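>>> predicted model and sequence below, questions to follow.
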Amino acid sequence: MNQKTKGIAAFILITFVMAWVLWEIPLRLGLDILNPIFQYVALPGAFSPAIAAIVVRKWITREGFADAGLKPNLSKSWRYYLVAWLMPLFVSAIVIGLVVALGVGSPDFTLQRAMSVLAPGTEAPVVPSFTWALMPLGLLVAALFSTFLLWGEEFGWRGYLQIRLFAERPLLAAVTTGIIWGIWHYPLNLRGYNFPEHPFLGLLVFPASTVLLSIIFGWLRLRTGSVWAPSLAHAATNSVGGSLTVLLFLGGAGLPVLQLSWTVGMDPSGSCVSLDHTYRPIETCKSVRIPLIAPGPEPTVHWWWRRVSSTPPEEHRLTRTDTDQHGRATRRPIPPPRTESPHGEFGGHRPAGGQRVQRSELAARCAAGF
């Protein structure tokens, strides 16, 4: 087991065990999962991905935090932060339109229906019309503060796991991370946390939404080089997307219908970012091509790190895939071995007839980079 596989396995184990234990303790003590107090009691479990990433980076793989994306990079990437902050508003508008168009529910802008569910037996005040001009703004401001709480998840999912899984296939890494992320919520969903009326249906609907969110959040992570952009998007999605649509349709359309509508509403955004060049597969040198030695009266050696008579083509250069400080996978040249050779200064010679020179040790160095 190499270091990367060891780190991924340790991260998943710590994240799942820590969160599930911390969530199970208050439930075993008799606290109802739908009780608002449970959200605060279960908050330490939501930080398990960040704690797992810190433990793995610091003590297990000892790879450090160079590619963790802790810097906001706000001055260069403020446009992506704006997208992360405002995108849930547009998705909410799509959700409202879908629910109304499909005839599965109607929004209650007076909030009387939602208040009768949240506070049964009490007479809810009539909500003035101008409240709808202030409520989205208030939820967006609340998302700015809850960003620090959602960092506990994003530092683990987007700051570690998603950039380690399938480094050459970012889109596949996003889909796989979304599935793992959705399964991580299963103990809560089975108890009816997100889908109190249809918990088993939620086991199918919820991972579909987390896959699309992983594609969008991962795109923000790669474009900004920071975990703070997906943290803001996660906070805005929970605050605006969750609170606004639930208040409008609570007591009417079921939560699985809203979740499914949210999944469909996010599909255009997820499809657009998945077509971005950020998610294109990254070519690597897993199949090493060794340049031919050109025939001639004198020995002519072509090495990509030093030019003797000419430079080999770009596709012949030995490269490896690394992750830079922004979390992006990049191709870097493999440094040559600094050893003396009996065949001359450049460590090679041309066999008779211009045959191919086999460089098995360089091929092994290239393969070791993956």
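Now that the structure is in, tell me what you want to look at.

>>> list the contacts for residue 30?
Going by C-beta atoms under 8 Å, 6 or more residues apart in numbering, residue 30 touches no other residue. (Each C-beta comes from the backbone N, C-alpha and C, glycine too.)

>>> next, it: phi, psi?
phi 100, psi 10 (degrees, to the nearest 10).

>>> mind listing what residue 84 touches?
Contacts of residue 84 by C-beta under 8 Å, 6+ apart are 220, 229-230, 232-233, 236.

>>> need the residues you listed in a markdown table (columns: secondary structure).
Output for the contacts of residue 84, formatted as a markdown table (DSSP: H, G, I helix; E, B strand; the rest coil):
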| residue | secondary structure |
| --- | --- |
| 220 | helix |
| 229 | helix |
| 230 | helix |
| 232 | helix |
| 233 | helix |
| 236 | helix |
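
>>> show the buried residues in these.
220, 229-230, 232-233, 236 (16 or more other C-beta atoms under 10 Å).

>>> for the stretch 101-250 of the chain, just list every one of the helices.
112-118, 131-156, 162-164, 170-184, 186-190, 199-224, 228-236, 245-249 (DSSP state H, counting those that start in this stretch).

>>> tell me which of those helices sits most buried.
The highest mean neighbour count among the helices of the stretch 101-250 of the chain, using mean count of other C-beta atoms under 10 Å, belongs to helix 228-236: a mean of 28.

>>> now that helix: average pLDDT?
Helix 228-236 shows a mean pLDDT of 96.

>>> now it and helix 131-156, what's the angle there?
Using axes from the mean of the first three to the mean of the last three C-alpha atoms, to 10 degrees, the direction of helix 228-236 lies 130 degrees away from that of helix 131-156.

>>> export the helices of the stretch 101-250 of the chain to CSV and tack on distance to residue 45?
Formatted as CSV, the helices of the stretch 101-250 of the chain follow (distance: least, C-beta to C-beta, whole Å):
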stretch, distance to residue 45
helix 112-118, 24
helix 131-156, 9
helix 162-164, 20
helix 170-184, 10
helix 186-190, 9
helix 199-224, 17
helix 228-236, 16
helix 245-249, 22
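
>>> residue 36: which of the ones you listed is closest?
With C-beta to C-beta as the measure, helix 112-118 is the member of those nearest residue 36 (9.8 Å).

>>> from the contact counts, what lies against that closest one?
Packing partners of helix 112-118 (3 or more C-beta pairs under 8 Å, 6 or more residues apart in numbering; DSSP states H and E): helix 245-249.

>>> low-scoring pLDDT stretches of the chain, where are they?
118, 124-125, 129-130, 251-271, 274-277, 282-370 (pLDDT under 70).

>>> per-domain residue ranges of it.
For the chain, the structural domains run 68-279, 282-370, going by automatic domain parsing.

>>> ok, so of the contacts of residue 84, who is nearest residue 11?
residue 230 (16.9 Å).

>>> circling back: got a markdown table for the buried ones among the contacts of residue 84, with distance to residue 207 too?
Shown next, in a markdown table, are the buried ones among the contacts of residue 84 (distance: C-beta to C-beta, whole Å):
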| residue | distance to residue 207 |
| --- | --- |
| 220 | 20 |
| 229 | 23 |
| 230 | 18 |
| 232 | 23 |
| 233 | 18 |
| 236 | 21 |
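
>>> which one of the residues you listed is nearest residue 14?
Residue 14 has its nearest neighbour among the buried ones among the contacts of residue 84 in residue 230, at 20.5 Å by C-beta to C-beta.

>>> these two touch, right, that closest one and residue 214?
No - using C-beta atoms under 8 Å, residue 230 makes no contact with residue 214, being 9.2 Å away.
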